[in-house]
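> Any chance you can model this:
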Amino acid sequence: MARAEAAMEQFHAIPAAQAAQAASELAEEIRGAAQRFRTVMQQLADERIAAQAIVEQGYRLDLSHAALAAGAAALAAAATALQSRQGPAGAQPHLEQAEVHLHEAIASGSGAPALRAANERRLAEVEALGEAAAARIDAGAQAFDQVDEFAESTWDDISGNGSEAQAAADRAQEHWELAASANAMEEQQFLVAQQHLASATAELEFVEQLIEAIITRLRDLEAARAAAPELLAEAERSLNDALAFVRANDADVGQDPEVQMREASEQLAKATAEAQQPKPDWLRLAAAATAADRLADAALAGARDEATSMDRMRQQIAKLRPIAVAEVNKIAKYVNLHGADIQTETMAVVKTLVEQFDQAQALEQQAEKLIEDQRRTALEQAMASYVRIQAESEGVYQRAFNDVQRLEKQRAELNKLLSDARSALDGGAALARQAGRRTPANALAQINQAQARFDQIRLPITGEANLQRSIELARSISREAQAASSEIRKHIPRPTPSSSSPGSLIAGGSRSSSWTSSSSSRRSSSSSSSSSWGRGGSSGGSFGGGSRGGSFGGGSRGGKW
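Numbering: from 1, shown residues only. Next up is the predicted model:
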């Protein structure tokens, strides 16, 4: 405002107006921040009083009080920022943090009974979803058994879906059990329970996507197999018709139809040879037969009248379209499932292919509104687009598949490093128990800190950057745990010759990592449901376990399912 007054005194109207506008906007921002400050402060005070009403119901307020204190501290920081040169912009993050702590205080205070009840309802819902996922995994296993009847090249990209779905189901059940424990009155970690339930739901949705990919592929392969005889017969009929017409009108037919008929014969021979394989690639057969049919029809179209050629062209489009749909759907489903692992350049190629498909459909629809040459041109362009999609789809799919496989190698490396980190942490913890009070405080703290960082890792991890960060984190955890173990080992006394037999070192307390641990790790209301969500009693606590040894396909599949 001082700058505005100074500008007015010097008759600088535009700078004065700009300064006045800026001052007005700043004042409005300050008023808004102050009002927000007062609102949050009042809500914190109200919650402190309201929370007392649930104490008699057995609820503890330690978490609520901690959140209230954190909220008050954030408000104090916001007030300091408002009174400094930082102004409203500097106060904004502190006000947002205060609101977060207010939400936590309510969830752990006056809102705890409602949140706990909501969690209880969601626990039952997620449990039902888990049971449904187990049945869905069974259906996927049965579908995969049937998919195995087809050529491996038609389903190798989904060969790991079953094991991946089973692992996701296991993680979902673990989240569910952790949520049940956190939601108990003994723990009263209601927000934590809510988060675990959200994670369990996400895992079960992932299970559904994986199994749906298997079942959909089976349907597509069965449809292609069922259509193959008719496609072969139609291609042979089209080629015979073209040959007969060209022979009867040889003087009037140029070289182009003859060249096209030779190519059609080659494609038909390829399709016929594929049909004679023990396990034909029905999609490849359909593509070759359709190509032969199209080439033969193109040759015949050069000698027949316009109406006949256009009618047959429509038939070709009707045959090409479902193949293009199947190819585009195959790529789209794969990209939707593994999108985070696919490079930007590959995604751009996929987008171009989908745009070509949309354009082909639009041209096909537009053709029916045009006449004569314009209709022929539109149909030819639509057919060319479908053919191009058919020709390019395999390369596009392979490119996306290669992207995913490259990251799968990184995941394998990460899994090995995580296993090493877990072993290092367990070893350090065992040494700490053995050393007892002799354990150096700094080494024990280092073990605990490494364990906390390890526990923050959440699978599955997607995206190359995330994988690389996780790999470095796992290596760092292993180094820290090993360093701490070396320090602890120095403080473990060696047994003297006069000491009695060392026996077994018993560590006090243990934490079961089994899914189906016991009723003590679950709510009392669910104690009767002691079986796992998986298939069969020998599943070891996984949704889709059973006698398959951790994967649908059992020993005969070599872990590919």
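> Residue 302 - how many residues pack around it?
17 (other C-beta atoms under 10 Å). Quick note: C-beta positions are derived from backbone N, CA and C, even for glycine.
> nearest residue to it other than its sequence neighbours?
residue 257 (4.6 Å; C-beta to C-beta, 6 or more residues apart in numbering).
> Quick check, the one you found in contact with residue 241.
No. Using C-beta atoms under 8 Å, residue 257 is not in contact with residue 241; the gap is 11.8 Å.
> who has more neighbours, those two?
More crowded of residue 257 and residue 241, by other C-beta under 10 Å: residue 257, with 22 against 16.
> So the more buried one, which state does it fall into?
helix (DSSP: H, G, I helix; E, B strand; the rest coil).
> Tell me, how many residues neighbour residue 457?
14.
> any idea which helix or strand carries the closest residue in space to it that isn't next to it in sequence?
Sequence neighbours aside, residue 470 is the residue nearest to residue 457 in space, at 6.3 Å (criterion: C-beta to C-beta, 6+ apart). Using DSSP states H and E, residue 470 sits within helix 464-489.
> Touching both of residue 257 and residue 241, which residues are there?
residue 300 (C-beta atoms under 8 Å, 6 or more residues apart in numbering).
> could you list every residue that touches residue 232?
Counting by C-beta under 8 Å, 6+ apart, residue 232 touches 268, 271, 272, 275, 285, 289.
> For those, pick the one with the most neighbours.
Result: residue 289 is most packed of the contacts of residue 232 (other C-beta under 10 Å), 28 neighbours.
> Report the contact partners of that residue.
228, 231, 232, 234, 235, 267, 268, 271.
> Let's test this: mean pLDDT of the helix or strand harbouring it, rounded?
Here residue 289, judged by DSSP H and E, is contained in helix 282-301. For helix 282-301, mean pLDDT rounds to 89.
> One more: stretch 221-235?
For stretch 221-235, mean pLDDT is 85.
> Tell me how far it lies from the chain's centre.
Relative to the chain's own centre, stretch 221-235 is displaced by 35 Å; criterion: C-alpha atoms, centre = their mean, to the nearest Å.
> Touching, residue 434 and residue 491? I think so.
No. With contact defined as C-beta under 8 Å, residue 434 does not reach residue 491; the gap is 9.7 Å.
> any low-confidence regions in the stretch 101-250 of the chain?
For the stretch 101-250 of the chain, the stretches with pLDDT under 70 are 151-156, 249-250.
> Please enumerate the helices of it.
Counting by DSSP state H, counting those that start in this stretch, the stretch 101-250 of the chain has helices at residues 112-147, 161-182, 190-248.
> Can you report how many residues neighbour residue 158?
27.
> Can you name the residues that contact it?
Neighbours of residue 158 in contact, by C-beta under 8 Å, 6+ apart: 144, 147, 213, 214, 217.
> Kindly recompute the last result at 10 Å.
Contacts for residue 158 (C-beta atoms under 10 Å, 6 or more residues apart in numbering) come out as 140, 143-144, 147, 164, 210-211, 213-218, 330, 333-334, 337, 560-561.
> Repeat that for residue 384.
Per C-beta under 10 Å, 6+ apart, neighbours of residue 384: 356, 360, 363.
> now residue 95
Contact analysis of residue 95 by C-beta under 10 Å, 6+ apart lists 33, 36-37, 39-40, 74-75, 77-79, 81-82, 88.
> Most neighbours of all those, which one?
Neighbour counts for the contacts of residue 95 (other C-beta under 10 Å) peak at residue 78, which has 27 neighbours.
> CA atoms only for the helix or strand containing that one, dumped as CSV, please.
For residue 78, the host element (DSSP H and E) is helix 62-82. Presented in CSV, the C-alpha positions along helix 62-82 are these (Å, rounded to 0.1, in the frame of the first residue of the first chain):
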residue,chain,number,x,y,z
ASP,A,62,-3.2,-41.2,23.7
LEU,A,63,-3.2,-41.1,19.9
SER,A,64,-5.8,-38.4,19.8
HIS,A,65,-3.9,-36.3,22.3
ALA,A,66,-0.7,-36.7,20.3
ALA,A,67,-2.4,-35.6,17.1
LEU,A,68,-4.0,-32.6,18.9
ALA,A,69,-0.5,-31.6,20.2
ALA,A,70,0.9,-32.0,16.7
GLY,A,71,-1.9,-29.9,15.3
ALA,A,72,-1.4,-27.2,17.9
ALA,A,73,2.3,-27.1,17.0
ALA,A,74,1.5,-26.8,13.3
LEU,A,75,-0.8,-23.9,14.1
ALA,A,76,1.9,-22.2,16.0
ALA,A,77,4.2,-22.5,13.0
ALA,A,78,1.5,-21.1,10.8
ALA,A,79,1.0,-18.1,13.1
THR,A,80,4.8,-17.5,13.1
ALA,A,81,4.7,-17.6,9.3
LEU,A,82,1.8,-15.2,9.0
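> ok and it relative to helix 112-147, angle-wise?
Orientation check (axes from the mean of the first three to the mean of the last three C-alpha atoms, to 10 degrees): helix 62-82 against helix 112-147 gives 100 degrees.
> what's the distance between helix 62-82 and the middle of its chain?
36 Å.
> thinking again about what came up before, can you tell me which of the contacts of residue 232 is nearest residue 430?
residue 285 (59.5 Å; C-beta to C-beta).
> how about the nearest residue to that closest one, chain neighbours excluded?
residue 274 (4.3 Å).
> and what of residue 61?
Looking at residue 61 with C-beta to C-beta, 6+ apart, the closest residue is residue 51, at 5.4 Å.
> how's the chain carved up into domains?
Taking automatic domain parsing as the criterion, the chain consists of the domains 2-110, 113-304.
> Present these as TSV; the columns should include distance to residue 388.
Formatted as TSV, those follow (distance: least, C-beta to C-beta, whole Å):
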stretch	distance to residue 388
domain 2-110	51
domain 113-304	12
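> deepest of the ones you listed, which one?
Among the domains of the chain, domain 113-304 has the highest mean neighbour count (mean count of other C-beta atoms under 10 Å), at a mean of 19.
> before we move on, the earlier item: now the contacts of residue 289 as a markdown table including distance to residue 312?
Formatted as a markdown table, the contacts of residue 289 follow (distance: C-beta to C-beta, whole Å):
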| residue | distance to residue 312 |
| --- | --- |
| 228 | 21 |
| 231 | 15 |
| 232 | 17 |
| 234 | 11 |
| 235 | 13 |
| 267 | 17 |
| 268 | 17 |
| 271 | 19 |
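> Of these, which is the nearest to residue 344?
Among the contacts of residue 289, and counting by C-beta to C-beta, the member closest to residue 344 is residue 267, at 35.6 Å.
> That closest one touches residue 287, doesn't it?
Yes. Assessed by C-beta atoms under 10 Å, residue 267 is found in contact with residue 287 at 8.8 Å.
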